[in-house]
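Asker: Below are the sequence and a predicted model; questions follow.
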Amino acid sequence: MYAISLGDDGAELRPLEPWHAEEFLAHLERGREFINRFVPFGEKATDVASARDTLQRYADLRAADTASLHGLWLEGKLVGGVLFLNFDAENANCEVGCWLEPAGTGRGLVTRAMRVLIDFAVEQRGIHRVEWIASAGNRPSLNVARRLGMTKEGVRRSSYPHHGVRHDLEVWSVLAPDWRAARARAVHSDH
């Protein structure tokens with residue numbers, strides 16, 4: 001229906017919807033072990049019906065204005081995505097997250113897509129606080145938070161059980177005034 005170009009490399013940000021179930025499942029199958037190292041994203045999507053159920057759950061959350069999924073396509077192939085979790089417009093807070101299969105890594109896709117999501121959240125939806133929460137062992141994810149100019153607020157020690165291991169979670173955030181100031185500096189440095 002619509003796509004947002006993320007640069008000259010054929011990368012696009014698009015809605016990820018229930019009708020993408022077959023493509024979503026194929027993507028998860030290609031990257032399942034890699035994707036699920038730190039998060040259980042898509043673990044229950046093991047066939048087309050359960051993949052559709054996962055996407056429908058997020059479509060329902062989008063309709064309720066509490067979460068949404070957005071796919072990352074590279075040269076027409078779904079390779080990952082970004083999402084709003086715990087989207088709370090009333091209190092002007094949200095959490096963002098991401099996932100990628102190996103073919104999508106090392107290209108800055110998540111950073112580029114997340115700039116679009118955060119711009120939308122701050123400028124169009126009036127979000128004041130954007131959080132990024134990731135396993136302390138997930139260096140690529142934490143590096144995205146750094147590149148986005150987020151501030152590390154702390155560590156929730158041993159707070160997240162995943163695959164029989166308790167992970168520390170790092171909490172990062174950016175506030176709307178800081179986001180706007182950084183975006184303005186970036187625009188001025190381009191001229």
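Answerer: Thanks, I have the structure now. Numbering: from 1, shown residues only.

Asker: Please pull out the lowest mean pLDDT helix or strand from the protein.
Answerer: For the chain, counting by mean pLDDT, DSSP states H and E, helix 176-189 ranks last in confidence among helices and strands (a mean of 83).

Asker: What are the boundaries of the strands in the protein?
Answerer: 4-5, 11-15, 68-74, 77-88, 93-100, 129-135, 151-162, 165-175 (DSSP state E).

Asker: Export the ones you listed as TSV, with columns for mean neighbour count and mean pLDDT.
Answerer: Bear in mind the C-beta positions are built from the backbone N, C-alpha and C, glycine included. Below are these laid out as TSV (neighbours: other CB atoms under 10 Å; pLDDT from 0 to 100):
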stretch	mean neighbour count	mean pLDDT
strand 4-5	12	91
strand 11-15	19	94
strand 68-74	22	95
strand 77-88	21	95
strand 93-100	22	95
strand 129-135	21	95
strand 151-162	12	91
strand 165-175	17	93
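
Asker: Looking at those, which is nearest to G42?
Answerer: In terms of CB to CB, the element of the strands of the chain nearest to G42 is strand 93-100, at 7.4 Å.

Asker: Contacts made by that closest one with the rest, please.
Answerer: Strand 93-100 is contacted by residues 31, 34-35, 39, 41-42, 72, 79-88, 109-110, 113-114, 117-118, 121, 127-134, 141, 144 when judged by CB atoms under 8 Å, 6 or more residues apart in numbering.

Asker: C-alpha coordinates for that strand, PDB please?
Answerer: Coordinates of each C-alpha in strand 93-100 appear next as PDB, following Å, rounded to 0.1, in the frame of the first residue of the first chain:
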ATOM      1  CA  ASN A  93       5.400   7.400  26.500                       C
ATOM      2  CA  CYS A  94       6.400   4.500  24.200                       C
ATOM      3  CA  GLU A  95       8.900   1.700  23.900                       C
ATOM      4  CA  VAL A  96      10.500   0.800  20.600                       C
ATOM      5  CA  GLY A  97      12.200  -2.400  19.500                       C
ATOM      6  CA  CYS A  98      13.500  -4.300  16.500                       C
ATOM      7  CA  TRP A  99      14.500  -7.600  15.000                       C
ATOM      8  CA  LEU A 100      16.600  -8.700  12.000                       C
END
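
Asker: Buried ones in stretch 56-67, by neighbour count?
Answerer: 58-59, 61-62, 66-67 (16 or more other CB atoms under 10 Å).

Asker: can you list contacts of stretch 30-48?
Answerer: Contacts of stretch 30-48 (CB under 8 Å, 6+ apart): 21-22, 24-25, 28, 50-51, 53-54, 79-80, 97, 99-103, 134-135, 137-138, 141, 162-163, 167.

Asker: Report the distance from stretch 16-34 to the chain centre.
Answerer: Per CA atoms, centre = their mean, to the nearest Å, the displacement of stretch 16-34 from the mean C-alpha position of its chain is 15 Å.

Asker: cool, and stretch 180-187?
Answerer: Worked out by CA atoms, centre = their mean, stretch 180-187 lies 21 Å from the chain centre.
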